[in-house]
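S.K.: what follows is a predicted protein model with its sequence.
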Amino acid sequence: MVENGVYENGATDAEDPLPRPEEIEIETVDLYRHDEEQAYVTLMSQEVKSLNFAAEENYTVRLCKELVAYHYPDELPLG
């Protein structure tokens, strides 16, 4: 959980920067993959293939939007 830009482990946003969309490994085939030690996020849409990826504690809604726009720039541009 983030409170005032500081994570539970004491790191700040500056110390724990978000990855760029191209750095996140995406799965579009095995959408129901799960792991007891890793949380996964599945972004679903009727317009494009769903995206499934391992989630980290510092991921934001903005990062998810950028991820969708990165993989589907023509169909779902950020804006």
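M.R.: Nice, I can see it. Numbers count the residues shown, from 1 in each chain.
S.K.: name the element the residue nearest in space to the middle of the chain belongs to?
M.R.: Per CA atoms, centre = their mean, the C-alpha nearest to the average position across the chain is that of residue 64, at 4.5 Å. Applying DSSP states H and E as the criterion places residue 64 in helix 61-71.
S.K.: enumerate the positions of that helix that are buried.
M.R.: 63, 64, 66, 67, 68, 69, 70, 71 (16 or more other CB atoms under 10 Å). Backbone N, C-alpha and C define where each C-beta goes, glycine included.
S.K.: what does stretch 38-53 give?
M.R.: Per 16+ other CB under 10 Å, stretch 38-53 contains these buried residues: 43, 51, 52, 53.
S.K.: returning to that earlier point: can you tell me the closest non-neighbouring residue to the residue nearest to the centre of the chain?
M.R.: residue 43 (6.1 Å; CB to CB, 6 or more residues apart in numbering).
S.K.: wait, doesn't the one you found sit right on residue 55?
M.R.: No: Residue 43 is beyond contact range of residue 55, at 10.8 Å (criterion: CB atoms under 8 Å).
S.K.: just the pLDDT at the residue nearest to residue 64, thanks.
M.R.: Looking at residue 43, its pLDDT stands at 89.
S.K.: list the contacts of it.
M.R.: 50, 51, 52, 64, 67, 68 (CB atoms under 8 Å, 6 or more residues apart in numbering).
S.K.: distance of the spatially closest residue to the second one that is not a sequence neighbour relative to residue 29?
M.R.: Setting aside the residues directly before and after it, residue 51 is nearest to residue 43 in space (CB to CB, 6+ apart), at 4.7 Å. With distances taken as CB to CB, to the nearest Å, residue 43 is found 15 Å from residue 29.
S.K.: and residue 20, by the same measure?
M.R.: Counting by CB to CB, the gap from residue 20 to residue 29 is 23 Å.
S.K.: tell me the spacing between residue 28 and residue 78.
M.R.: Per CB to CB, residue 28 is found 19 Å from residue 78.
S.K.: also residue 24?
M.R.: From residue 24 to residue 78 the distance is 15 Å (CB to CB).
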